[in-house]
Structure formats: structure tokens, C-alpha cells
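>>> Return atomic coordinates for the entry below.
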Amino acid sequence: MTTQIPTIKWAERPECIYIAIEAEVESPVVKFESNKVSFEGKGKNGKQYAFSYDLFKEIDADKSSTDFKTGRYPRLKLVKKDAGPYWNFLLKDKKKDKFVETDWTLWKDEDEVEENEDTSKFGNFDMGGMGGMDMQQMMQGMGMGGMGGMGGMGGMGGMNYSDMDDMEDLEDKEGEEGEEGDKKNTEETEETKLNSVD
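Next comes the predicted model:
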């Protein structure tokens, strides 16, 4: 049986790195070393998945952790040996790998990170607080009214259609100005060609 390398998505915080391994696996095995992370597991689809990556900088292997229960994919939290500035790279020698992607949904720039952010929840992967959420109640709280049949869409009346005529007039003027601008740009280009040395 051949082993496949799963895609991983990562995001960073000053003190840790979050990794989601995009493979639904049973009994995953993860090994943390000071400068390396390794993973293997058998997929629910019968495929074998594995990777081993040398990291850009050192981690604290004893403090790094896993979460295999909360989400669809295994998640890792690599605790940096030295908290501080972002690495901006996950792999050693700034190497690129087609199986390593940035998780832009989880990424926060250094200046966006809250001082007291709780990093124990794997970068807010944890959705535990959404348990018994009542969507109808949430929509009403947002001022959406009763969404059944779109009944809460009142307040759309009073639309002034003369505003649309003004928009059409504005579009016509912009089109005329665009044509004149194109003609002027062509003349400037011809003049530039005359003044340049080939």
C-alpha cells in the first residue's frame, strides 16, 4: 500500500503554530521533536497518510499538543521554543512544499493578535460553544425578523427609482470621458516613442 502525503494548513501566533492535517484518519500518531514534526495514520478510506517536516525554528516538544477529537481533521499546536516574532515560514530553509498551505481563515498578523488570546483552543478551531444554538433566535437578534418565507423583509419600500436614472446618466458621462482618456493616452504614447532612444 502506498503512503500519501496529506495537505496541511498552518497559521501562526507569537507563541505557537497551528496545523490542521487534511486527512480523516483513525488512530493518528504524531511525534514532536525540537526541530521536526512527524505524522502518520490510516485514513477512514483505507489510505495510509504520513509526513515528516523539518521546521523553520525550534519548538518545545514537551509543550506541543494534539487535538484528534474536536474537529474533522487532526490538529496540532506547536509551541515555539522562543515566543516572539513570527517565523513567517513553517519549513526549514524557507522551503516551499506543495502539501503545505497557509490557513488564511485562522491566520492573524502580529499586530492583530489580542494580548490575552486563549491559545489553548487551537486558534479557535474549537466550536464547542455553538452546541444548542437556535438559528431563528440568532436571526431575530440580528434584526432579520422571521426568515420563514422571508416575511421579515419589510422596510424595503420607499425605493426611489429616479435615483437609478441618475446612475445611468453618470455611467454615460464616465463612458464618454473614458473614450477621450484613451485617445489622450495613445497620443502620449506616440510622443513618448518619439522622445525615447532605442
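>>> Report the residue spans of this structure with pLDDT below the cut-off.
Per-residue confidence for the chain (pLDDT under 70) gives these ranges: 1, 115-198.
>>> again, only using 50
Applying pLDDT under 50 to the predicted model, the residue ranges of the chain that meet it are 125-141, 144-156, 158-159, 161, 190-198.
>>> That one: helices as residue ranges?
Secondary structure of the chain (DSSP state H): helices located at 135-141, 162-195.
>>> number of nearby residues for residue 6?
Around residue 6 there are 20 other residues, counting by other C-beta atoms under 10 Å. Where you see a C-beta, it was placed from the backbone N, CA and C, and this is true even at glycine.
>>> which residues touch it?
With C-beta atoms under 8 Å, 6 or more residues apart in numbering as the criterion, the residues that contact residue 6 are 21-23, 39, 49, 51, 99.
>>> quick one, phi psi at it?
phi -80, psi 160 (degrees, to the nearest 10).
>>> what's around the nearest residue to it once chain neighbours are set aside, how many residues?
Nearest residue to residue 6 in three dimensions, chain neighbours excluded: residue 23, at 3.8 Å (C-beta to C-beta, 6 or more residues apart in numbering). The local packing count at residue 23 equals 25, with neighbours defined by other C-beta under 10 Å.
>>> Surely residue 23 touches residue 44?
No - with the criterion set as C-beta atoms under 8 Å, residue 23 and residue 44 do not qualify as a contacting pair; they are 9.0 Å apart.
>>> measure residue 68 to residue 99 for me?
20 Å (C-beta to C-beta, to the nearest Å).
>>> Which of those two has more residues huddled nearby?
In this comparison of residue 68 against residue 99, neighbours counted by other C-beta under 10 Å, the higher total goes to residue 68 at 16 against 13.
>>> pretty sure that one is in contact with residue 74, am I right?
Yes - using C-beta under 8 Å, residue 68 is in contact with residue 74, at 5.2 Å.
>>> list the residues that contact both of those two?
Contact criterion C-beta under 8 Å, 6+ apart; residues shared by residue 68 and residue 74: residue 28.
>>> Nothing else from me, thank you.
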